[in-house]
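Novice: from the sequence below, what's the structure:
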Amino acid sequence: MKNIESLGDLFEMVGCEASFFDIGRRITKITPQQAIQFDKKQQAYPYPFRQHAWLACLLKTKDTNKAKAADHAVIWFIKLPLDESGALNLGTRDHFIKTIVDKILHKGEEAGLAEALEDSPYAFKPDQERMANFHAILAKQLGTPTSHYYEGVLDYVTNRLNESLADQQDDSWQALGLQGIAELAVQVESTTYSPLINKALKHAPNPFVSALCHSLEHHRLPADIEKTLIDKLLAEQNPLMQASYIRALSNTPLNNNLLLPLFAMLGNLTECSDEQTHPITALAAKCPHWLASNPQLLRIIMEKLAHRDDAFIAFKQIAIELSQHPETRQPLWVLLRQEHISATMAQAVSHLFTQAPNTLQ
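Specialist: Numbering: from 1, shown residues only. You can find the predicted model right below:
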């Protein structure tokens with residue numbers, strides 16, 4: 001048997017073509033070149049989240065007809081730790097490969113492939129929201145039909161939403177499935193469906209809008225959708241909805257149109273209520289590229305967290321998360337070493353190396 005020294009070797013051994021998606025910070029297709037580079041530790045993993053690579057691996061046998069790909073595909077959800085440089089921990093990866101090979105040799109390739117992750121410490125189950133969005137993205141890529149939930153969502157935004165605007169007591173949105181909302185969000189760049197998404201963002205009830213925003217975070221947004229979300233963020237007072245709008249915009253490059261509502265939302269440096277941690281957490285978890293490109297924005301959220309009356313717990317959690325991301329690691333440490341930070345933030349920095357808290361949730 002050929003030496004198996006990478007995930008690519010493993011999938012080649014069992015006659016599979018593997019497609020990789022990162023589903024940590026957001027759902028992102030990993031290019032074949034990126035997959036080779038991180039698999040062989042030629043480059044750091046491109047999308048680290050909480051010091052791990054959160055991978056969805058779509059495995060198809062090489063002789064599978066494309067039209068039947070979804071029927072024959074096996075999907076693995078695996079979480080592999082990263083080392084201090086952000087690259088795969090090869091010892092852990094090799095242990096994972098060995099456990100898979102042992103199962104396949106014991107059960108045979110077909111059964112082993114489908115059951116390989118049973119009881120594996122490297123397997124994880126995505127939450128309902130991630131799973132719905134991953135399936136929506138995958139269905140679009142494979143050209144497979146939408147779920148039965150999609151028609152209900154489409155009917156709601158096309159017809160029933162008009163009726164509910166006149167009837168403030170209408171609660172028909174509560175019967176809609178998260179899968180259908182994710183399948184609508186996948187169509188955000190379509191000239192047919194983008195106007196319906198824009199309409200829903202402007203007029204649907206907050207719970208529906210929030211779910212739609214959480215699905216939109218995985219996609220590039222047309223200019224009109226981006227403008228609607230920025231306008232909504234500028235006018236919004238509810239911290240949970242502010243966080244949802246930030247998430248929806250998180251795939252957008254930071255620009256001056258975004259900075260105005262963000263600075264207005266964050267407000268006073270020395271005040272940070274429990275509710276205000278929702279948009280701050282969204283910024284840290286979903287938008288590290290914004291914080292890396294704007295030192296003032298990074299400083300504001302760290303100062304606010306330092307001034308919370310929680311023994312610097314939130315400050316530590318966010319600092320640890322940002323220090324583990326390749327884009328924000330250097331800007332964060334530049335900020336924390338500055339002489340001109342507040343005395344309170346300087347005190348928070350001194351607590352960073354005490355007992356480590358749980359990672360950001």
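Novice: show me where the stretch 251-361 of the chain has its helices.
Specialist: With DSSP state H, counting those that start in this stretch as the criterion, the stretch 251-361 of the chain has helices at 256-266, 277-286, 288-293, 295-306, 313-323, 329-336, 343-350.
Novice: closest to His214 out of these?
Specialist: helix 277-286 (9.9 Å; C-beta to C-beta). Yep, even glycine has a C-beta here, placed from its N, CA and C like the rest.
Novice: and that closest one, what does it pack against?
Specialist: Judged by 3 or more C-beta pairs under 8 Å, 6 or more residues apart in numbering; DSSP states H and E, helix 277-286 is in contact with helix 239-249, helix 256-266, helix 288-293, helix 295-306, helix 313-323.
Novice: what's the offset of it from the middle of its chain?
Specialist: 12 Å (C-alpha atoms, centre = their mean, to the nearest Å).
Novice: give me the contact list for that helix.
Specialist: By C-beta atoms under 8 Å, 6 or more residues apart in numbering, the residues outside helix 277-286 that reach it are 25-26, 217, 239-240, 242-244, 246-247, 250, 262, 265-266, 272, 290-291, 297, 301, 304-305, 308, 314, 318, 321-322, 360.
Novice: check the offset of the lengthiest helix in the chain from the chain's centre.
Specialist: Longest helix of the chain, by residue count under DSSP state H: helix 90-107. Distance of helix 90-107 from the chain centroid (C-alpha atoms, centre = their mean) equals 28 Å.
Novice: tell me how far Glu327 lies from Cys272.
Specialist: Glu327 is 23 Å from Cys272, where distance means C-beta to C-beta, to the nearest Å.
Novice: and those two? Which one has more around it.
Specialist: Cys272 (23 against 15; other C-beta atoms under 10 Å).
Novice: could you report the neighbour count for the closest residue to the more buried one other than its chain neighbours?
Specialist: Distances taken as C-beta to C-beta, 6 or more residues apart in numbering put Lys304 closest to Cys272, at 4.0 Å, once the chain neighbours are dropped. If you count neighbours by other C-beta under 10 Å, Lys304 ends up with 24.
Novice: could you say which helix or strand contains Ile137?
Specialist: helix 128-142 (DSSP states H and E).
Novice: list the buried ones in that helix?
Specialist: Arg130, Met131, Ala132, Asn133, Phe134, His135, Ala136, Ile137, Leu138, Ala139 (16 or more other C-beta atoms under 10 Å).
Novice: do the same with stretch 140-149
Specialist: Thr146, Ser147, Tyr149.
Novice: check stretch 332-346 too.
Specialist: Buried residues in stretch 332-346, counted by 16+ other C-beta under 10 Å: Leu332, Leu335, Leu336, Ile341, Thr344, Met345.
Novice: could you find the closest non-adjacent residue to the last one?
Specialist: When the adjacent residues along the chain are set aside, Met345 lies closest to Ala306, with 4.1 Å between them (C-beta to C-beta, 6+ apart).
Novice: what are the boundaries of the helices in the stretch 51-200 of the chain?
Specialist: Residue ranges of the helices in the stretch 51-200 of the chain, as given by DSSP H, counting those that start in this stretch, are 69-72, 90-107, 109-115, 128-142, 148-155, 161-166, 178-185, 194-203.
Novice: how far does stretch 81-101 stretch from one end to the other?
Specialist: 20 Å (C-alpha to C-alpha, to the nearest Å).
Novice: quick check: mean pLDDT of that stretch?
Specialist: Average pLDDT, stretch 81-101: 89.
Novice: just to revisit the earlier point, next, format the buried residues of stretch 140-149 as JSON lines and append pLDDT and distance to Ile280.
Specialist: Below are these laid out as JSON lines (pLDDT from 0 to 100; distance: C-beta to C-beta, whole Å):
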{"residue": "Thr146", "pLDDT": "94", "distance to Ile280": "35"}
{"residue": "Ser147", "pLDDT": "95", "distance to Ile280": "34"}
{"residue": "Tyr149", "pLDDT": "96", "distance to Ile280": "32"}
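Novice: what's near enough to touch the residue lying closest to Glu129 once chain neighbours are set aside?
Specialist: Counting by C-beta to C-beta, 6+ apart, Glu129 lies nearest to His214, which is 5.9 Å off, once chain neighbours are set aside. His214 sits next to Glu129, Asn133, Ser244, Arg247, Ala248 when contact means C-beta under 8 Å, 6+ apart.
Novice: same deal with Cys272?
Specialist: Ile280, Lys304, Leu305, His307, Arg308, Ala314.
Novice: for Leu117, see how far away the residue nearest to Ala248 when sequence neighbours are not counted is.
Specialist: In space, and not counting its chain neighbours, Ala248 is closest to Cys213: 3.7 Å by C-beta to C-beta, 6+ apart. Applying C-beta to C-beta, the value for Cys213 to Leu117 is 31 Å.
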